[in-house]
Structure formats: structure tokens, C-alpha cells
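Novice: turn this into a structure:
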Amino acid sequence: LRMKRVEVNDPIALLDEGTAQCLKENYIEAFEYWNKAAELGSADAHCKLSVMYYNGEGIEEDKGMGIYHAEEAAIGGHPRARYLLGSHDLENDNTERAVKHFIIAAKQGFDGSMKALMEFFKVGLVEKDILTSTLRDHQAAVDATK
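Specialist: Now for the predicted structure:
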């Protein structure tokens, strides 16, 4: 059934098939399925491609393409991609921008971003009112998924 959906370019089926291929360590095939799904607008596929490119997992490392796909996924509302962008900014000493990415991802319910913001609060990089507001929005997003 999934392959029939793949044949008609269903982005969810392409994403799923890419994931299945990745689990089998068929990275080139995974890349091809995810790339097609990304072309069709899948934020999840953009996020997976971001990780592949950024870390050189199964393909040649290309940080620029990794960031491009993370940005596309973040624009599509993908919280993990937003977290990845924040992590990249943090690695490149752009803490202020990283905090902004983490706040957005935390408000979308991404736990990793909330944890990072709590650490930033401990060292004075995030104000208490911002942390409190973000924590409230984070909890609301998590509750909405239950």
C-alpha cells in the first residue's frame, strides 16, 4: 500500500519509505525519498535532510545545505528544525539568535528547547518573565497533543 502511495508522490508515504530505508542503512535511497518529499513541501523531510547534510550521515557533509533544509523545515513549523537552528547559532557564538530559536521551538512543545532555556536562565541569558511565559506556552502545546 505504501509503495502505491509512493508511486503517486504522496509526501507522507515518501517520508515513511525514506525512514524505512534509513533504518535499513540504505542512506542513498532514504535521501532520495526524503528529497522528493521535501520538494513536495514536507517539513519533516526537510528536517531529516538537514540532519543528513549537517552531520554527513549517509551523504557528504554540507553544513550550508543542512542549514538550508533546517530553515525550510522551521518555516514549515517544525520544532526540531528550529532547535537545530538554535544549536547551530549557539555553536557559532550567536547566543541571542539561538535563544530566539529555542523560544519558538519550546512554544511549539519541543522539550529539548525548554531544557536549553532553563539552562540559559540559570546563567542569566534568559529573563524570568520570558522563561515563565515560554514554559506556559510549552505546556499548552504539549497538552494540546494529548
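Novice: how about the helices in the protein?
Specialist: Assigned helices in the chain, in chain order: 2-7, 11-23, 27-39, 43-55, 63-75, 79-91, 95-107, 111-122, 128-144 (criterion: DSSP state H).
Novice: nearest residue to the middle of this structure?
Specialist: Ala81 (2.1 Å; CA atoms, centre = their mean).
Novice: the closest residue to that one other than its chain neighbours: what's it in contact with?
Specialist: Leaving aside its sequence neighbours, Ala81 sits nearest to Ala73 (CB to CB, 6 or more residues apart in numbering; 3.4 Å). All C-beta spots, glycine's among them, are computed from the backbone N, C-alpha and C. Shown in contact with Ala73 (CB atoms under 8 Å, 6 or more residues apart in numbering): Ala43, Asp44, His46, Cys47, Ser50, Arg80, Ala81.
Novice: hmm, back to that, got a list of what the residue nearest to the centre of the chain touches?
Specialist: Ala43, His46, Cys47, Ser50, His69, Ala70, Glu71, Glu72, Ala73, Ala74.
Novice: a markdown table for those, including distance to Ala98 and pLDDT?
Specialist: Converted to a markdown table, the contacts of Ala81 look like this (distance: CB to CB, whole Å; pLDDT from 0 to 100):
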| residue | distance to Ala98 | pLDDT |
| --- | --- | --- |
| Ala43 | 20 | 97 |
| His46 | 20 | 98 |
| Cys47 | 18 | 98 |
| Ser50 | 16 | 97 |
| His69 | 18 | 98 |
| Ala70 | 13 | 98 |
| Glu71 | 14 | 98 |
| Glu72 | 19 | 98 |
| Ala73 | 17 | 98 |
| Ala74 | 13 | 97 |
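Novice: from these, which single one is nearest Lys146?
Specialist: Of all those, the one with the least separation from Lys146 (CB to CB) is Ala43, at 21.7 Å.
Novice: still on that earlier bit, got the contacts of Ala81 as a markdown table, with distance to Tyr27 columns?
Specialist: Shown next, in a markdown table, are these (distance: CB to CB, whole Å):
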| residue | distance to Tyr27 |
| --- | --- |
| Ala43 | 21 |
| His46 | 17 |
| Cys47 | 16 |
| Ser50 | 15 |
| His69 | 15 |
| Ala70 | 18 |
| Glu71 | 22 |
| Glu72 | 20 |
| Ala73 | 19 |
| Ala74 | 23 |
